[in-house]
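Novice: Just the structure for this:
(chains A, B, C and D)
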Number of protein chains: 2
Amino acid sequence: MDESEYLAQYDHHKYPQPFVTVDAVLFAFHEKALNCLLIKRTNHPEQNKWALPGGFVHPTEDASLEATAVRILKDKTGIRPPYLESLKAYGNATRDKRGWSVTTTYVALMAYRECAPTSNRVSEAQWINVEELDGMELAFDHAAIIRDALERLRQKALYSLIPVYALPAKFTLGELQHLHELLIGKPLQKKSFRRRVEQADLLNDTGETKIVGKRPAALYSVKKGAADYNFVRNIGM
Amino acid sequence: MDESEYLAQYDHHKYPQPFVTVDAVLFAFHEKALNCLLIKRTNHPEQNKWALPGGFVHPTEDASLEATAVRILKDKTGIRPPYLESLKAYGNATRDKRGWSVTTTYVALMAYRECAPTSNRVSEAQWINVEELDGMELAFDHAAIIRDALERLRQKALYSLIPVYALPAKFTLGELQHLHELLIGKPLQKKSFRRRVEQADLLNDTGETKIVGKRPAALYSVKKGAADYNFVRNIGM
DNA sequence: GCAAAAAGTGTCTTTATGCCACTATAAATG
DNA sequence: CATTTATAGTGGCATAAAGACACTTTTTGC
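Specialist: As a prediction, this is how the structure comes out:
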């Protein structure tokens, strides 16, 4: 049998197979807290529980897993998040009552915006402060997935400026530092933080300022490619 | 409809679905080179090409994706590798001619051993020096997967001792340093390397020595939990 | 004007790596 | 058996980046 014959007769539905979904953990910084976008499930299984935005691959519509993730997030938020990174796959016999299932997961960051302007769909989307997640019963193994995503982001906060993508396009160094402190779980030296940021040369001073309470703070934007920069040393340790 | 009714009528084969495989990138250090275990494919598709050890999930046999990876690697090497870590999932419409497919991947490390003692199977397993991979045409997108796995390991070599799991149970500091230099791609200061290793306190001096050429070198073994340790600063930068 | 509070800086200390020369140990050589 | 040689392993100062913390600056609100 040559390859074309083999492919002609091949049908993977003949074998028992897990089914595949894509789930995304989307974070945004808002009101001094890190928020995670969750969806109230209206359908079985896990009906009425909060879950990560996710869904099945649409084989004819999606070119890749990442395209699936982008489609799902755009559906819920109206935009394509500026930061999207692959997390690991979770798969076992019990995580979904429908059977052996695999979910391939992504971490995404974006600026906070009132959620779901385009999501006039069946399901309700809402930003949840990650501090409040512990008390909530989430669908499937999504609590564990969010924990892993947070841990990943926490690590990145130690040696990169990746968290900046969870801020608006223009932000102050104070806001950026607060976000890092939130992730790392302890206060950082203002001087150390600013020195690193300056040396890395990843931000543009927009010239504008923002008055929060007292002295106005300079507003910065992220340079292109900032996501690729890693410091050689961790902060806050 | 309640949940049990929903589950009773649910059949995901009704919807077009990608199929899922698991592939593992297994590295071992041998003869001053990093080697990667590859399998010569005997079946369609990609017949006669070299590929990563991998395969389908066996839903009745495997409790999880990780269990699938362990089963596949044990099949090929006879052992359960001491280091196994999840890499990302790769999925798109074109990577496998059979259709929209997803592979969930793992990076594994183990001590080199003559391969496939238990693998009296259809396929031929062989260690390939990673330097020689560039000239080979690998099946599917496995070349890209190996590149990503190597990049991950290279990063880990900068801030951890993870590569130690690609060495035999007892090894010298010289061997460990050579492996790190191979991964990082440049020579390291002997003093810096040894200082880090000592301060981290991740190794046991076995009291034994190994004579390679001249002065015998102390043999060390890895302490439990060494995989979890991260240095606060990268080496070699 | 003056207090308050957050923005932003100067500078010394601390920590870990870079660098490089030095000593130690065993095999090989003649 | 002394000497060479090659690798194992150490001492010690230089350098780079973070930690600590006091200080100045800029604005608001009284």
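
Novice: per the record, what domains does chain A have?
Specialist: A:15-140, A:160-228 (automatic domain parsing).

Novice: close to DNA strand D, is the shortest one?
Specialist: Read that as domain A:160-228. Yes - for domain A:160-228 and DNA strand D, the contact criterion (C-beta under 7 Å from any atom of the strand) is met by A:188-192, A:195-196, A:199, A:209, A:211, A:213-216. The C-beta positions use only the backbone N, C-alpha and C, and glycine is treated the same way.

Novice: Can you tell me which of those are buried?
Specialist: Listed as buried from these are A:188, A:196; burial here means 16 or more other C-beta atoms under 10 Å in any protein chain shown.

Novice: Lowest pLDDT pick from the residues of domain A:160-228 next to DNA strand D?
Specialist: The member of the residues of domain A:160-228 next to DNA strand D with the lowest pLDDT is A:Gly213, at 71.

Novice: before we move on, the earlier item: farthest pair in the residues of domain A:160-228 next to DNA strand D?
Specialist: A:Gln199 and A:Gly213 (28.4 Å; C-beta to C-beta).

Novice: isn't A:Val20 right up against B:Pro18?
Specialist: Yes - in this structure, A:Val20 is within contact of B:Pro18 by C-beta atoms under 8 Å, at 5.3 Å.

Novice: what residues do these two have in common as contacts?
Specialist: Jointly contacting A:Val20 and B:Pro18 under the rule C-beta atoms under 8 Å, 6 or more residues apart in numbering or on different chains are A:57, B:91, B:102.

Novice: just checking, next helix/strand downstream of the longest helix anywhere in chain A?
Specialist: Determined from DSSP state H, the single longest helix within chain A is helix A:142-159. Downstream of helix A:142-159, the next assigned helix or strand under DSSP states H and E is helix A:173-184.

Novice: Helix A:142-159 and that next one, what's the angle between them?
Specialist: Angle, helix A:173-184 to helix A:142-159, by axes from the mean of the first three to the mean of the last three C-alpha atoms, to 10 degrees: 130 degrees.

Novice: got the CA coordinates for helix A:173-184 in CSV?
Specialist: C-alpha atoms of helix A:173-184 as CSV (Å, rounded to 0.1, in the frame of the first residue of the first chain):
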residue,chain,number,x,y,z
LEU,A,173,6.1,53.0,36.1
GLY,A,174,4.3,53.0,39.4
GLU,A,175,1.5,50.9,37.9
LEU,A,176,3.9,48.5,36.3
GLN,A,177,5.7,48.1,39.6
HIS,A,178,2.5,47.5,41.5
LEU,A,179,1.6,44.8,39.1
HIS,A,180,4.9,43.1,39.5
GLU,A,181,4.6,43.4,43.3
LEU,A,182,1.2,41.8,43.1
LEU,A,183,2.5,38.9,41.1
ILE,A,184,5.7,38.4,43.0
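
Novice: So the helix or strand just after that helix, near chain B or not?
Specialist: Using DSSP H and E, the next helix or strand after helix A:173-184 towards the C-terminus is helix A:190-200. No - counting by C-beta under 8 Å from any C-beta of the partner chain, chain B has no neighbours in helix A:190-200; the shortest distance is 13.0 Å.

Novice: who's in contact with helix A:190-200?
Specialist: A:161, A:173, A:176-177, A:180, A:203, A:229, A:231, A:235.

Novice: chain center to it, what's the gap?
Specialist: Helix A:190-200 has its C-alpha centroid displaced from the chain centroid by 25 Å (C-alpha atoms, centre = their mean, to the nearest Å).

Novice: where's A:His13 relative to B:Tyr159, distance?
Specialist: Look at A:His13 and B:Tyr159: by C-beta to C-beta, to the nearest Å, they are 45 Å apart.

Novice: Settle it for me: which of the two has more neighbours?
Specialist: In this view A:His13 and B:Tyr159 are compared by other C-beta atoms under 10 Å in any protein chain shown, and B:Tyr159 has more residues nearby, 20 against 10.

Novice: Please identify the buried residues of stretch A:179-189?
Specialist: Result for stretch A:179-189 [16+ other C-beta under 10 Å]: buried residues A:179-180, A:182-184, A:188.

Novice: can you put the residues you listed in JSON lines and add distance to DNA strand C?
Specialist: Formatted as JSON lines, these follow (distance: C-beta to the nearest atom of the strand, whole Å):
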{"residue": "A:Leu179", "distance to DNA strand C": "13"}
{"residue": "A:His180", "distance to DNA strand C": "14"}
{"residue": "A:Leu182", "distance to DNA strand C": "15"}
{"residue": "A:Leu183", "distance to DNA strand C": "18"}
{"residue": "A:Ile184", "distance to DNA strand C": "17"}
{"residue": "A:Leu188", "distance to DNA strand C": "12"}
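
Novice: where are the low-confidence patches of chain A?
Specialist: Chain A contains residues with pLDDT under 70 at A:6-7, A:116-123.

Novice: most centrally placed residue in it?
Specialist: For chain A, the residue nearest the mean C-alpha position is A:Ala108 (2.5 Å; C-alpha atoms, centre = their mean).

Novice: Parallel or antiparallel, which strands does the strand ranked longest in chain A pair with?
Specialist: Assignment by DSSP state E gives strand A:19-30 as the longest strand of chain A. Its sheet considered, strand A:19-30 pairs with strand A:33-40 (antiparallel), strand A:54-56 (antiparallel), strand A:101-109 (parallel) by DSSP bridges.

Novice: closest one to DNA strand D among the ones you listed?
Specialist: Among the strands paired with strand A:19-30, strand A:33-40 comes nearest to DNA strand D, with 20.8 Å by C-beta to the nearest atom of the strand.
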